[in-house]
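**Student:** I would like to see how this sequence folds:
(one chain, ligands or ions: 1)
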Amino acid sequence: MTAQLIDGTALARAIRDEVARRLLAPPLRGIKPGLAVILVGDDAASQVYVRNKIKACHEAGLFSRFDKFDATLTEAELLARIEALNADPRVHGILVQMPLPRHIDARRVISTIAVHKDVDGFSVHSAGELASGLSGFRPCTPAGCMKLIESTGLNLRGKHAVVVGRSNTVGKPMAFLLLQADATVTICHSQTPDLGLHTRLADVLVVAVGRQDTVRADMVKRGAVVIDVGMNRNPAGKLCGDVDFAGVAKVASAITPVPGGVGPMTIAMLLVNTVQAAERSLQ
Ligand code: GUN
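**Tutor:** You can find the predicted model right below:
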């Protein structure tokens, strides 16, 4: 391995420590930012993610409340719960863990969260603010990827950034954040005929498709910064990303591991957004 390992665990810890300091300083001094987390159903991965988010809140000194519902919860009941949290002044951020059971319309659920409590940044309003270059909540995973890229010391201005994946939660917001940092941005997806043709041009490569070995060493330019958003299990049951880590680490200048790269940053940025929501509520 020649690439620098980008340590998401350490960077996330530093950001969480900074969050804890912000709670003690003006304007928040004495006011605890509150995050409401809603989980519907028994998805095993979601239960782990939610537990980690709530634990991070407590460790940083935030207030959190957790609603866990059976998968039989109706959409109307969920919307009513969100409306109640919208009106609760102790709650500054609301997160509904995805995916939701199929009988619930996720888009309608996200639209019901008050714009000023949308700490996931998933609403059409937040997406529009990002696309327009306005201040607003940035989705936590791409915001965390930007911090990881920044931590390498790379200046994105004029660089070619390639994003693989076009989801509303990672790929698209990632592309807008890179564009805002003055990178030239290419978005690739499942219908891109020759992925390597594009990825080989990338100074910065962000991969978020959810498939092991999507990017191999021969698809990466020497010296590129590689951010792996994937979280998969290989046939042996071991966690792995979308990038062939061992191979790509020989050509990249810096690369995130899985686990210990993007994952911890998603949670850290959720805390940052919740603190920001609380600070804004005072203005
Ligand atoms: N499911 C997987 N990642 C996320 C996330 O960042 N936010 C929410 N709400 N659900 C998720």
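
**Student:** Roughly how far does residue 58 sit from the ligand?
**Tutor:** Computed as CB to the nearest ligand atom, to the nearest Å, the residue 58 to the ligand distance reads 18 Å. All C-beta spots, glycine's among them, are computed from the backbone N, C-alpha and C.

**Student:** if I look at the closest residue to that residue other than its chain neighbours, how far off is residue 33?
**Tutor:** Nearest non-adjacent residue to residue 58, counting by CB to CB, 6 or more residues apart in numbering: residue 64, 6.7 Å away. Taking CB to CB, to the nearest Å as the measure, residue 64 and residue 33 are separated by 9 Å.

**Student:** pretty sure residue 159 is touching residue 204, no?
**Tutor:** Yes: shown here, residue 159 and residue 204 form a contact pair, counting by CB atoms under 8 Å, at 5.9 Å.

**Student:** so what sits against both of those two?
**Tutor:** residue 183 (CB atoms under 8 Å, 6 or more residues apart in numbering).

**Student:** Compare these two (neighbour count), which wins?
**Tutor:** Between residue 159 and residue 204, counted using other CB atoms under 10 Å, the more crowded position is residue 204 (24 against 19).

**Student:** What strand or helix carries the closest residue to the more buried one other than its chain neighbours?
**Tutor:** In this structure, residue 204 finds its nearest non-sequential neighbour in residue 161, 4.3 Å apart by CB to CB, 6+ apart. Element membership for residue 161 (DSSP states H and E) is strand 160-164.

**Student:** List the buried residues in that strand.
**Tutor:** The neighbour-count check on strand 160-164 (16 or more other CB atoms under 10 Å) flags 160, 161, 162, 163, 164 as buried.

**Student:** Show me what the last one is bridged to.
**Tutor:** Which is residue 164. Residue 164 forms beta bridges with residue 188, residue 207, as assigned by DSSP bridges.

**Student:** Flag every residue of the stretch 1-150 of the chain that's near the ligand.
**Tutor:** Residues of the stretch 1-150 of the chain lying close to the ligand by CB under 6 Å from any ligand atom are 49, 95, 96, 97, 98, 120, 140, 141.

**Student:** okay, the buried residues of strand 160-164 in a markdown table with pLDDT next?
**Tutor:** Below are the buried residues of strand 160-164 laid out as a markdown table (pLDDT from 0 to 100):
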| residue | pLDDT |
| --- | --- |
| 160 | 98 |
| 161 | 99 |
| 162 | 99 |
| 163 | 99 |
| 164 | 99 |
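
**Student:** can you name the two of these that are farthest apart?
**Tutor:** 160 and 164 (13.5 Å; CB to CB).

**Student:** Please enumerate residues in contact with stretch 19-39?
**Tutor:** Stretch 19-39 is contacted by residues 46-47, 50, 53-54, 57, 60-69, 78, 81-82, 85, 88, 90-97, 119, 268, 270-272, 274-275, 277-279, 282 when judged by CB under 8 Å, 6+ apart.

**Student:** So which of the residues you listed belong to helices?
**Tutor:** Among the contacts of stretch 19-39, DSSP state H puts 46-47, 50, 53-54, 57, 60, 78, 81-82, 85, 268, 270-272, 274-275, 277-279 in helices.

**Student:** so how far is residue 159 from the residue nearest the centre of the chain?
**Tutor:** Ranked by distance to the mean C-alpha position of the chain (CA atoms, centre = their mean), the top residue is residue 141 at 1.3 Å. Applying CB to CB, the value for residue 141 to residue 159 is 20 Å.

**Student:** got the contact list for the residue in the stretch 51-200 of the chain positioned nearest to the ligand?
**Tutor:** Ranked by CB to the nearest ligand atom, the top residue of the stretch 51-200 of the chain for proximity to the ligand is residue 98, at 3.6 Å. Listed by CB under 8 Å, 6+ apart, the contact set of residue 98 reads 46, 106, 169.

**Student:** Residue 169 now?
**Tutor:** Residue 169 makes contacts with 98, 122, 139, 141, as judged by CB under 8 Å, 6+ apart.

**Student:** Could you do residue 151 as well?
**Tutor:** Residue 151 neighbours (CB under 8 Å, 6+ apart): 6, 11.

**Student:** Number of residues surrounding the residue of the stretch 151-283 of the chain found nearest the ligand?
**Tutor:** In the stretch 151-283 of the chain, the residue found nearest to the ligand is residue 266; the distance is 5.6 Å by CB to the nearest ligand atom. Per other CB under 10 Å, the neighbour tally for residue 266 reads 22.
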